[in-house]
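Visitor: any chance you can model this:
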Amino acid sequence: MVIPGILLVFGAMLGGFLMAGGNPLSLLQPAEFVTIGGMAFGSMVISTPMKILKRCFGLLLGSLKGGHLSQQAYMDLLVMLFRLFSLARKNGLLSLEPHISDPLKSDIISKYPSVTHNKIAMDMLTETLRLIVDGSVQPEEIEPLMDSMIETHEAESHMPVNVLRAVGDGLPGIGIVGAVLGIIITMGHIDGKPEEVGHHVACALVGTFLGVFLAYGLLNPVIAAICQTEAEEAKYLVVIKTAIKSYVGGSSPSIAVEFARRSIFSFDRPAAAVVEKSCKAVG
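Guide: Purely as a prediction, here's the structure:
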């Protein structure tokens, strides 16, 4: 919903401006765009390592696509986990080895693109199951290991978000700098014609407008959308953790999947009957 929201923001702003008799062309002040855009980008360069800077722009572009997790994505995950756990219970843990060694060639995992396309989820699933298959960790150590991976992922995800939030918080101030520069130019023409002075004042005020508008109308709402997506991705990892923890703790595949299902956000959680029917169909 990011793109429709952006269109609505621009539509409301321009619509109200036109209704009040404003001329949209008066908002097109290239000098103000260069000043405010350049200062905002420069502040990011000063405060951000290149590896995080790249992620900032990746997140901004990715936000236009919206979140990729849905109820069907969770259904795919739950059914896939059920199939893996059922295989392990029937043929032993070693039967999982070919599936976690090369997931893309697995006749189980590869059937669920919504899972295989999620790199962090695949890493967590395969690396954790590999430790279990190898017997190199005790059951009680599995949860702390997965918690550590989830915490690291969340901390890493927040780094570019914090940079973007700092820029959003600073944009109104940068807009004021642009306005002050415009006033300085205006004072140099104070002895000019009234319409000339008025033009320079209007240009200066566009700087303040741009800073506030870009911050509260665009960047900060986009950051909020990114945070929602990050929260959903973290929950996806929690669902995997819950399923594996339950299965390693001795639960049957169906009960482990039910524990995982109940840890899903209510607006994405598939019905228990639907999950049970899907699991039985592949079981």
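Visitor: ok, Pro221 touching Ile3?
Guide: No - contact criterion Cβ atoms under 8 Å: Pro221 and Ile3 do not qualify, at 12.0 Å. The way it works is simple: take the backbone N, C-alpha and C, and place the C-beta from them, glycine included.
Visitor: show me the shaky parts of the chain.
Guide: 283 (pLDDT under 70).
Visitor: tell me which of Pro221 and Ile3 has more neighbours.
Guide: Pro221 (17 against 11; other Cβ atoms under 10 Å).
Visitor: mind checking the end-to-end distance for stretch 258-275?
Guide: End-to-end span of stretch 258-275 (Cα to Cα, to the nearest Å): 8 Å.
Visitor: for the longest helix out of those in the chain, packing partners?
Guide: With secondary structure taken from DSSP state H, the chain has its longest helix at helix 139-187. For helix 139-187, the elements it packs on are helix 30-47, helix 50-63, helix 119-134, helix 194-213, helix 220-248, judged by 3 or more Cβ pairs under 8 Å, 6 or more residues apart in numbering; DSSP states H and E.
Visitor: select, out of the ones you listed, the one closest to Met146.
Guide: Nearest to Met146, of all the helices and strands packed on helix 139-187, is helix 220-248, at 4.2 Å by Cβ to Cβ.
Visitor: for the closest one, buried residues please.
Guide: Judged by neighbour count (16 or more other Cβ atoms under 10 Å), helix 220-248 contains these buried residues: 220-223, 225-226, 229-230, 232-233, 235-248.
Visitor: could you do stretch 250-258 as well?
Guide: Buried, per 16+ other Cβ under 10 Å, within stretch 250-258: 251, 253, 256-258.
Visitor: which residues does it contact?
Guide: Outside stretch 250-258, the residues that touch it by Cβ atoms under 8 Å, 6 or more residues apart in numbering are 78, 81-82, 85-86, 89, 243-244, 246-247, 259, 272, 275-276, 279.
Visitor: list buried residues within those residues.
Guide: Looks like those have 78, 81-82, 85-86, 243-244, 246-247, 259, 275-276, 279 buried, using 16+ other Cβ under 10 Å.
Visitor: go through the residues you listed and say which is closest to Met149.
Guide: For those, the nearest to Met149 is Ile244 (11.6 Å; Cβ to Cβ).
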